[in-house]
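Structure for the following, please:
(one chain, ligands or ions: 1)
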Amino acid sequence: MDFYTLENKNGLKLKFTNFGGIVSEIHVPDRDGNFADITLGFETLDEYVDHNNDYFGALIGRYGNRIGKCRFQLDGNKVDGLLANDGVNHLHGGKVGFDKVEWKAEPVSGEGYSGMKLSYTSKDGEEGYPGKLDVTVTYKLTDKDEWVIEYEATTDKPTVFNPTNHAYFNLAGHDGASPVDHEMMINAKFFTATDDGGIPTGEILSVAGTDMDFREAKVYGETVDSEDTLISQLGGYDHNWILDKQYGELGLAAVAFDPKSGREMKVFTTEPGVQFYAGNFLNGTLTGKGGKVYQKREGFCLETQHFPDSPNKGHFPDTTLRPGQVFKSTTIYAFGVR
Ligand code: BGC
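Sure, this is the predicted structure:
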């Protein structure tokens with residue numbers, strides 16, 4: 001296993017390893033041209049193998065986010081062998097998810113980008129999921145200062161699939177002032193309400209008039225400790241917003257902006273949802289690059305995805321993948337300054 005670095009013509013850098021597809025460094029400039037590494041992470045492979053408990057930078061699968069009570073039905077068949085690793089629920093693919101496996105890495109390049117294609121075959125029954133799943137994830141760094149992620153997969157039996165990437169960002173720099181002072185905009189009129197374990201109740205609620213409303217950019221630290229039970233019961237923002245765009249179309253999910261440095265990150269995706277996780281469970285137990293100790297909320301995630309617990313929610317967009325179908329999904333993190 002190894003680390004790889006992509007660099008574009010503007011000097012932006014994306015460093016990652018084929019262990020878990022983990023992105024360990026992202027170097028982008030501020031409005032004065034000063035570069036900072038804006039993703040949380042460790043320095044060595046050993047640390048990632050040993051204790052990447054918060055999924056820094058990692059690929060997540062087979063099912064990103066939660067499946068309630070570790071079970072679901074598919075075509076009338078019960079799938080109930082998933083690991084309970086988040087209370088009574090299943091989170092981020094189980095014990096050895098995509099974040100902890102070795103991916104095959106092959107360089108790719110084209111007009112205006114360089115990249116790496118990561119491939120992994122998940123065996124039939126792995127972590128309790130049916131079907132042998134062949135997955136490729138391509139990371140690209142473009143000359144337009146975008147980190148592009150393209151997911152593809154096929155299966156030999158009906159299964160469910162919902163991959164994402166779990167990078168934590170701090171646009172001030174991973175060791176800079178807390179990102180709770182960033183402005184956040186999320187392109188969503190609705191969100192999926194959950195119980196206190198983060199499992200959707202099935203209700204689709206309007207953000208209007210609530211602290212879940214990010215249609216206009218606002219400093220998220222001002223409402224992350226909202227007394228709204230739907231927020232406080234999860235310890236802060238850790239929710240799935242339903243993106244206001246056509247299903248399957250590549251469109252805007254969110255914009256994060258650090259007024260001090262001027263760094264901005266726009267997120268585009270073909271996915272119908274985004275989990276904005278404010279890093280509420282970071283608690284100073286992990287020491288990252290350069291000895292930085294990551295405290296509560298010192299990084300946030302924008303995990304593009306289908307909705308949590310979709311396999312148990314018939315009215316949510318379907319996460320079933322069938323033999324003969326090719327799963328395709330694209331997410332773009334575009335960096336700039338204001
Ligand atoms: C979840 C959080 C969880 C975190 C693990 C996020 O995707 O929504 O609840 O604690 O992953 O680092």
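
Only C-alpha atoms from now on, for both contacts and neighbour counts.
OK.

This structure: helices as residue ranges?
45-51, 229-232 (DSSP state H).

Just name the most buried of those.
Comparing the helices of the chain by mean neighbour count (mean count of other CA atoms under 10 Å), helix 229-232 ranks first with a mean of 17.

For that helix, what is the distance to the chain centroid?
In terms of CA atoms, centre = their mean, to the nearest Å, the centre of helix 229-232 is set 21 Å apart from its chain centre.

can you put the helices of the chain in CSV and add mean pLDDT?
Below are the helices of the chain laid out as CSV (pLDDT from 0 to 100):
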stretch, mean pLDDT
helix 45-51, 98
helix 229-232, 98
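
Tabulate these in CSV, adding columns for distance to the ligand.
Written out in CSV, the entries for these read as follows (distance: least, CA to the nearest ligand atom, whole Å):
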stretch, distance to the ligand
helix 45-51, 12
helix 229-232, 12
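
Format these as a markdown table; extra columns: distance to Lys313.
Putting the helices of the chain into a markdown table (distance: least, CA to CA, whole Å) gives the following:
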| stretch | distance to Lys313 |
| --- | --- |
| helix 45-51 | 33 |
| helix 229-232 | 19 |
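
residues contacting the closest residue to Leu234 other than its chain neighbours?
Spatially, and ignoring its direct neighbours in sequence, Leu234 is nearest to Asp196 (6.1 Å; CA to CA, 6 or more residues apart in numbering). Residues counted as contacts of Asp196 (CA atoms under 8 Å, 6 or more residues apart in numbering) are 230, 233-234.

Could I get the pLDDT score of Asp196?
On pLDDT, Asp196 comes in at 98.

any idea how far Leu83 is from it?
With distances defined as CA to CA, to the nearest Å, the gap from Asp196 to Leu83 amounts to 19 Å.

just Glu303 next, same as before
As it turns out, when the distance is counted by CA to CA, Glu303 lies 21 Å from Leu83.

Contact partners for the residue lying closest to Trp241 once chain neighbours are set aside?
For Trp241, ignoring the flanking residues on the chain, the nearest one in space by CA to CA, 6+ apart is Phe191 at 4.3 Å. Contact criterion CA under 8 Å, 6+ apart gives 204-207, 212, 239-242 as the residues in contact with Phe191.

Are any of these buried, and if so which?
The neighbour count (16 or more other CA atoms under 10 Å) marks 204, 206-207, 212, 239-242 as buried among the contacts of Phe191.

Distance to Asn8 for the residues you listed - can I get that in a markdown table?
As requested, the buried ones among the contacts of Phe191 are arranged in a markdown table below (distance: CA to CA, whole Å):
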| residue | distance to Asn8 |
| --- | --- |
| Ile204 | 41 |
| Ser206 | 40 |
| Val207 | 38 |
| Met212 | 36 |
| His239 | 33 |
| Asn240 | 32 |
| Trp241 | 32 |
| Ile242 | 32 |
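
Could you single out the nearest of the residues you listed to the ligand?
His239 (6.8 Å; CA to the nearest ligand atom).

Can you tell me how far that closest one is from Val267?
When CA to CA is the yardstick, His239 and Val267 sit 16 Å from each other.

Check Phe281 too.
23 Å.

Neighbour count: Glu303 and Leu83, which is higher?
Neighbours of Glu303 and Leu83, each counted by other CA atoms under 10 Å, are more numerous for Glu303; the result is 26 against 20.

Quick check, pLDDT for that one.
Per-residue confidence at Glu303 stands at 99 (pLDDT).

what does the stretch 151-300 of the chain have sitting close to the ligand?
For the stretch 151-300 of the chain, the residues in contact with the ligand under the definition CA under 6 Å from any ligand atom are 238, 277, 281.
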